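In: Kindly generate the corresponding structure for this input.
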Amino acid sequence: MAALVAAALVATVHMAYLVYMVFGGFLALHRFAWIWPHIVSTVYSIYVTTTSFTCPVTTVEKWLLGMGGRAPYEGSFIAHYLRGVLYPAQYETALWLSGMALAVVSYVVVLMRRRRTALVPVDISWS
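Out: Residues are numbered from 1 along each chain as shown. Have a look, this model is predicted:
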C-alpha cells in the first residue's frame with residue numbers, strides 16, 4: 001500500500017512539473033533568478049520529447065506501481081495520464097509546441113520587463 005501511495009505522490013509531483021514547465025518562466029517576473037532553472041527545465045523537456053530518453057521520474061513511478069502489486073503502464077507518463085484523457089491524441093504535437101511557445105513567451109515578457117525597468121530613471125532626490 002505504501003508503494004502505491006508513493007507512486008501517486010510521484011505522479012502528482014510529475015504533473016506539477018509539467019505545469020511548471022509551461023508556466024514557470026513567469027516566476028522570473030517576481031525574481032529573475034527563477035529564469036535559470038526554468039531554462040534548464042525547458043531544455044530537458046525538449047530533450048525528453050524529441051529523443052527516446054525515458055524520464056527517470058516515470059521509471060520510478062512504474063517501479064513503485066510494480067512494488068505495490070499493480071501492473072506498470074506502457075509508454076510515457078504523458079501518454080498514460082494526458083493523451084486521450086485531457087486532449088485528443090492527434091493534438092499532442094500542437095499542444096507540446098504551444099507549451100514550449102508559452103515558455104518562450106515567458107522569457108520574452110521577463111526580459112522586456114527587465115529591460116524596461118532598467119531604462120526607467122530612478123529619482124533619488126529628497127525634494
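In: State the pLDDT value of residue 63.
Out: The per-residue pLDDT reported for residue 63 equals 97.
In: That one: which element?
Out: Following DSSP states H and E, the helix or strand that holds residue 63 is helix 56-67.
In: Can you spell out which helices and strands pack onto that helix?
Out: Helices and strands touching helix 56-67, by 3 or more CB pairs under 8 Å, 6 or more residues apart in numbering; DSSP states H and E, are helix 2-23, helix 77-81. Every residue, glycine included, has its C-beta placed from N, CA and C.
In: how many degrees apart are the first one and helix 56-67 in direction?
Out: Taking axes from the mean of the first three to the mean of the last three CA atoms, to 10 degrees, one finds that helix 2-23 is oriented at 160 degrees with respect to helix 56-67.
In: What are the contacting residues of helix 2-23?
Out: By CB atoms under 8 Å, 6 or more residues apart in numbering, the residues outside helix 2-23 that reach it are 38, 41-42, 45, 55, 57-58, 60-61, 64-65, 67-70, 77-78, 81, 99, 102-103, 106.
In: Format the CA atom coordinates belonging to that helix as PDB.
Out: Output of helix 2-23 as PDB, limited to C-alpha atoms (Å, rounded to 0.1, in the frame of the first residue of the first chain):
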ATOM      1  CA  ALA A   2       2.800   2.400   0.800                       C
ATOM      2  CA  ALA A   3       4.300   1.900  -2.600                       C
ATOM      3  CA  LEU A   4       1.000   2.800  -4.300                       C
ATOM      4  CA  VAL A   5       0.800   6.000  -2.200                       C
ATOM      5  CA  ALA A   6       4.300   6.800  -3.100                       C
ATOM      6  CA  ALA A   7       3.500   6.200  -6.800                       C
ATOM      7  CA  ALA A   8       0.600   8.600  -6.500                       C
ATOM      8  CA  LEU A   9       2.800  11.200  -4.900                       C
ATOM      9  CA  VAL A  10       5.400  10.800  -7.600                       C
ATOM     10  CA  ALA A  11       2.700  11.100 -10.300                       C
ATOM     11  CA  THR A  12       1.400  14.300  -8.600                       C
ATOM     12  CA  VAL A  13       4.800  15.800  -8.400                       C
ATOM     13  CA  HIS A  14       5.400  14.900 -12.100                       C
ATOM     14  CA  MET A  15       2.100  16.600 -13.100                       C
ATOM     15  CA  ALA A  16       3.100  19.700 -11.100                       C
ATOM     16  CA  TYR A  17       6.500  19.700 -13.000                       C
ATOM     17  CA  LEU A  18       4.600  19.700 -16.300                       C
ATOM     18  CA  VAL A  19       2.600  22.800 -15.100                       C
ATOM     19  CA  TYR A  20       5.800  24.400 -14.000                       C
ATOM     20  CA  MET A  21       7.400  23.600 -17.400                       C
ATOM     21  CA  VAL A  22       4.700  25.600 -19.200                       C
ATOM     22  CA  PHE A  23       4.100  28.500 -16.800                       C
END
